[in-house]
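K.L.:
here you go, sequence then predicted model.
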Amino acid sequence: MIRVIVPYHLKVLANINGEVQLDVVDPATQRAVLDALEARYPMLCGTIRDQVTAKRRAFLRFYACEQDLSNDSPDAPLPAAVAEGKEPFLVVGAIAGG
Amino acid sequence: MSRVRVLVGTRKGAFVLTSDGKRQRWEVSGPHFAGWEIYHVKGSPVDPNRLYASQTSGWFGQIIQRSDDGGKTWYQPGTPPGESTTAPDGSPKGESNKFVYDTSPETGKPLTTHQWYDGTQHPWEFKRVWHIEPSLSDPDVVFAGVEDAAIFRSTDGGTTWHELAGLRGHGTGPQWSPGAGGMGLHTILIDPTNHDRMFIAISAAGTFRTDDAGKTWKPINRGLRSQYIPDPVAEVGHCVHRIALNRSRPGVLFMQKHWDVMRSDDAGDTWHEISGDLPTDFGFPIEIHTHEPDTVYVVPIKSDSEHYPLDGKLRVYRSRVGGNEWEPLTKGLPQENCYVNVLRDATCVDSLDPCGIYFGTTGGQVYVSPNGGDSWEPIVRDLPAVLSVEVQTLP
């Protein structure tokens, strides 16, 4: 079971309360987690990853275990603590600045 | 008595303003989609309870929303409330947010580049939907004008979208370039007497027309003169801000260009300037009185460098003779210290008699004139910056 936390606006869009818990087949990767998230909440398709390229949207970041995983390969295994459900996988909106 | 419903898109959500036909007392609902940029909200002329909204964000991309009850409730087409969010085969829905440029062999012209700011060629990249235009005959058919400039059509109520690739494919696409606000297709007009004829406008490419329901397109910019491009009378490259037509006379078009107010009497084949005695002919919106096809409205602002009213006075200008002779309309509008702008999709007219005129400002005011522009009242004063205003006249 993987725990995922998405930004406020995406929670509202998908009517999510709190964190999302997803069953993801091993190995747990960014791609597998986001595929599962979009399968559960199709209204999030395109909001985290580009619909065509599947690349992370520019102003979103992926954090877990106090690490920035944003530029990791989408097929790299996530940290064990995320895969085991001990730590959440965080989708974070970049600070707007100004 | 008839009613009106005003659909307002702002930088931070959508608002719905309703009134009876007197247009004096208003109810305000919203924000819908709070915190998101709502570029445009528009209702189907066939089914007024069918509304479409373009919800967009620099962080989260493009969302299409739809209401089937006049804006009380909304959902993303393809994932209605209470229905499964996956298709029978288990694959996710969510196609309504997907705008993919057509590169299929069928079009014969897989288009990949347009002109970039530095003169090099740049790939087409979808950013957002600027304008939604429901069909005049079928509530499930709707068009979307997008940035980077292209036109898409949905025939299933916004669930899936497909590009009308003949526009980008007609040949001048590689010469189009973005203006400061991006390369958006911001205006879609459907000829009410011939639905196969449509007009669109792009900043900064110009105006185009199809006569075969979007299969093929041609530039219609003859007569435009733009000093800011290398060839001032080029076939494309003009920064057209807005075009308008009156449904009783769809062969006559009016245009607010970057500079210059223009008119065409031959469905866009040729244009001539009608700026006449305007104090400045720079502006964004242009609108036509519902019942008087020669009564035209513009909101001049100082210049391309200073996007606010001249002398701090917010004035709508009206021509009753199809251009050249303009009168300022000021009653009820601020005449000192006003430095707001009115964006291209932020004016509209209802179909009551007398005709109501509406506009929203970047300062968050939405004004109504229930008497064709003679006097104005604010409906609301403190919304987020207004991006678009549409009105529905309801029985």
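P.N.:
Received the coordinates, thanks.

K.L.:
going by C-alpha atoms from here, please, whenever you check contacts or count neighbours.
P.N.:
OK.

K.L.:
output the lengthiest helix in chain A as PDB, nothing but the C-alphas.
P.N.:
For chain A, the longest helix by residue count, based on DSSP state H, is helix A:30-40. Only the C-alpha atoms of helix A:30-40 are listed here, as PDB (Å, rounded to 0.1, in the frame of the first residue of the first chain):
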ATOM      1  CA  GLN A  30       6.800   7.000  -9.800                       C
ATOM      2  CA  ARG A  31       5.200   5.800 -13.000                       C
ATOM      3  CA  ALA A  32       3.400   2.900 -11.300                       C
ATOM      4  CA  VAL A  33       2.100   5.200  -8.500                       C
ATOM      5  CA  LEU A  34       0.900   7.900 -10.800                       C
ATOM      6  CA  ASP A  35      -0.700   5.400 -13.100                       C
ATOM      7  CA  ALA A  36      -2.600   4.000 -10.100                       C
ATOM      8  CA  LEU A  37      -3.500   7.400  -8.900                       C
ATOM      9  CA  GLU A  38      -4.900   8.400 -12.300                       C
ATOM     10  CA  ALA A  39      -6.800   5.100 -12.600                       C
ATOM     11  CA  ARG A  40      -8.500   5.800  -9.300                       C
END
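
K.L.:
what residues sit buried inside the next helix or strand after that helix?
P.N.:
Remark: after helix A:30-40, the chain's next helix or strand is strand A:60-64, criterion DSSP states H and E. Within strand A:60-64, the residues that count as buried by 16 or more other Cα atoms under 10 Å in any protein chain shown are A:60, A:61, A:62, A:63, A:64.

K.L.:
please identify which of those is nearest to chain B.
P.N.:
residue A:60 (6.5 Å; Cα to the nearest Cα).

K.L.:
show me the beta-bridge partners of the closest one.
P.N.:
Bridge pairing for residue A:60 (DSSP bridges) gives the partners residue A:93.

K.L.:
residues in contact with it?
P.N.:
Residue A:60 makes contact with A:48, A:91, A:92, A:93, A:94, B:59 under the criterion Cα atoms under 8 Å, 6 or more residues apart in numbering or on different chains.

K.L.:
check the gap between the nearest residue to the third one once chain neighbours are set aside and residue B:317 for me.
P.N.:
For residue A:92, the nearest residue in space outside its immediate sequence neighbours is residue A:61; the separation is 5.1 Å by Cα to Cα, 6 or more residues apart in numbering or on different chains. Using Cα to Cα, to the nearest Å, we find residue A:61 at a distance of 48 Å from residue B:317.

K.L.:
what does residue A:71 give?
P.N.:
53 Å.

K.L.:
ok, residue B:296 next?
P.N.:
Residue B:296 is 8 Å from residue B:317, where distance means Cα to Cα.

K.L.:
tell me which of those two has more neighbours.
P.N.:
For residue B:296 versus residue B:317, neighbours defined as other Cα atoms under 10 Å in any protein chain shown are more numerous around residue B:296 (23 against 20).

K.L.:
please name the residues that touch the nearest residue to the more buried one once chain neighbours are set aside.
P.N.:
Among residues not flanking residue B:296 along the chain, residue B:288 sits closest, at 4.5 Å (Cα to Cα, 6+ apart). By Cα under 8 Å, 6+ apart, the contact list for residue B:288 reads B:244, B:245, B:246, B:294, B:295, B:296, B:297, B:349.
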